[in-house]
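J.: Prediction below, plus the sequence it came from.
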Amino acid sequence: MAACRLDASLFDDLLADYREAKEREGKEVQRGEYGYHRLLEAFGGRRADAIVARDVEVFRDRLMQALAPASVVRHLTLLRAILNRAIRDGRLTTLPTRGIKWPKENNRRVRCLSDSEEARLIRKLPARLRLLVVVDLNTGMRRGELLALRWKDIDLVNRIITIREAKSGEGRRLPMNVQAYEALSALRRAAIRAGGAAANVVAFRETPVFGPSAEAMVMALKRHFGRALQAAKIEDFRFHDLRHTAASRLAMGGIDLYTIGELLGHKTLTMTARYAHLLPEHLKRAVAALDGRKAAPAHRESRTP
């Protein structure tokens, strides 16, 4: 038994045990694949009890050269969680991440998909998640808002989505653009072919748009979204960044911040201000509106008596 415990102290084994436990609990994170891969690159093949604080600092500094601070924090958090679990199970006695200075996260982080990244991601997603992502990129909805949608909230005739309860506590109505309309129409056609609407129209109106349930879709996202990101070679990206992508594209299209905030359901304009730097042309047009005024002279020449 003692030899077994010695073998189990390899970092690779601790990571594998942690990963399996999280998968059993249904808590596998979207960015887990990247984190596991980088941790194995840094510490694979080593005994966990041989890892010291200096090793963790070197790992942190190397990540800081390639990733945003928030992403580095997520990697360090994953490392700490793996080692903490090993301590809890009696397979490790000290925590080498203790006392390590973590980079400061920037809550105003904006990570957006490029057009080529979007195309690669869409190709790698399962069909139903593909349509969900398309709707999100074209509405900027929060994940919870998307998964709470029922068919009664989708008005394909007038092309309106009704969000009945938002994070801000207030509902809102969103117009659909062509891409959102086509994605939702495809989902509805698929649901009708499956017999949902024909069997009971009233019950169908209460069924989730991205079914079979919000809980099932959360699990599907955890299972497939991260894998699709990895397959598409897209790094430092979260599901919530689809919302940032929609907002950024609105800003770059010249839409004013007030309207962007209204579409996204922001409670204050401060929340929308993170996209202000994407509005150079819009701001130029706004200032140019002052050119139509007849300016008063900046100064008057003095007259000699």
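T.: That came through fine. Numbering: from 1, shown residues only.
J.: just the strands in the stretch 101-250 of the chain please.
T.: If you assign secondary structure with DSSP state E, counting those that start in this stretch, the strands in the stretch 101-250 of the chain sit at 154-155, 160-163, 172-175.
J.: Just checking: what are the partner strands of the shortest one?
T.: I take that to be strand 154-155. Strand pairing for strand 154-155, using DSSP bridges, gives strand 160-163 (antiparallel).
J.: Tell me the buried residues in the partner strand?
T.: 161, 163 (16 or more other Cβ atoms under 10 Å). Using the backbone N, CA and C atoms, a C-beta is placed for each residue, glycine as well.
J.: domain ranges for this structure?
T.: 2-88, 115-282 (automatic domain parsing).
J.: between those domains, which one is nearest to Arg98?
T.: Shortest separation from Arg98 across the domains of the chain is recorded for domain 2-88, at 7.5 Å, computed as Cβ to Cβ.
J.: what's the model's confidence in that closest one, averaged?
T.: Averaged across domain 2-88, the pLDDT comes to 79.
J.: For Arg164, list the residues it contacts.
T.: Neighbour list for Arg164: 148, 153, 171 [criterion: Cβ atoms under 8 Å, 6 or more residues apart in numbering].
J.: Of those residues, which belong to helices?
T.: With helices taken from DSSP state H, the overlap with the contacts of Arg164 comprises Ala148.
J.: Just the buried ones from the contacts of Arg164?
T.: Among the contacts of Arg164, the ones that count as buried (16+ other Cβ under 10 Å) are 148, 153.
J.: Could you single out the nearest of the contacts of Arg164 to Arg205?
T.: Here the nearest of those to Arg205, counting by Cβ to Cβ, is Asp153; it sits at 9.0 Å.
J.: That closest one is in contact with Gly171, isn't it?
T.: No: counting by Cβ atoms under 8 Å, Asp153 does not reach Gly171; the two are 9.6 Å apart.
J.: So, low pLDDT: which residues of the stretch 151-300 of the chain?
T.: Counting by pLDDT under 70, the stretch 151-300 of the chain shows low-confidence ranges at 166-170, 196-199, 279-289, 292-300.
J.: Helices of that one, start to end?
T.: In the stretch 151-300 of the chain, the segments counted as helices under DSSP state H, counting those that start in this stretch are 178-193, 196-199, 201-205, 214-231, 241-252, 257-264, 269-272, 280-288.
J.: any chance of these in a markdown table, plus distance to Ser116?
T.: A markdown table is the format used below for those (distance: least, Cβ to Cβ, whole Å):
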| stretch | distance to Ser116 |
| --- | --- |
| helix 178-193 | 17 |
| helix 196-199 | 36 |
| helix 201-205 | 38 |
| helix 214-231 | 14 |
| helix 241-252 | 13 |
| helix 257-264 | 24 |
| helix 269-272 | 27 |
| helix 280-288 | 23 |
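J.: hang on, the earlier thing: can you tell which of the strands of the stretch 101-250 of the chain is closest to Thr272?
T.: The closest of these to Thr272 is strand 172-175. By Cβ to Cβ, the value is 14.1 Å.
J.: Does anything pack onto the closest one? Which helices or strands?
T.: Under the contact definition 3 or more Cβ pairs under 8 Å, 6 or more residues apart in numbering; DSSP states H and E, strand 172-175 sits against strand 160-163.
J.: residues in contact with the strand it packs on?
T.: The contact list for strand 160-163, computed with Cβ under 8 Å, 6+ apart, reads 139, 141, 145, 148-149, 153-155, 171-176, 180, 184, 265.
J.: Ok, which of the domains of the chain comes nearest Asp291?
T.: Closest of the domains of the chain to Asp291 is domain 115-282, at 15.6 Å (criterion: Cβ to Cβ).
J.: want to try a markdown table for the strands of the stretch 101-250 of the chain, with distance to Val135 as columns?
T.: Formatted as a markdown table, the strands of the stretch 101-250 of the chain follow (distance: least, Cβ to Cβ, whole Å):
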| stretch | distance to Val135 |
| --- | --- |
| strand 154-155 | 10 |
| strand 160-163 | 8 |
| strand 172-175 | 10 |
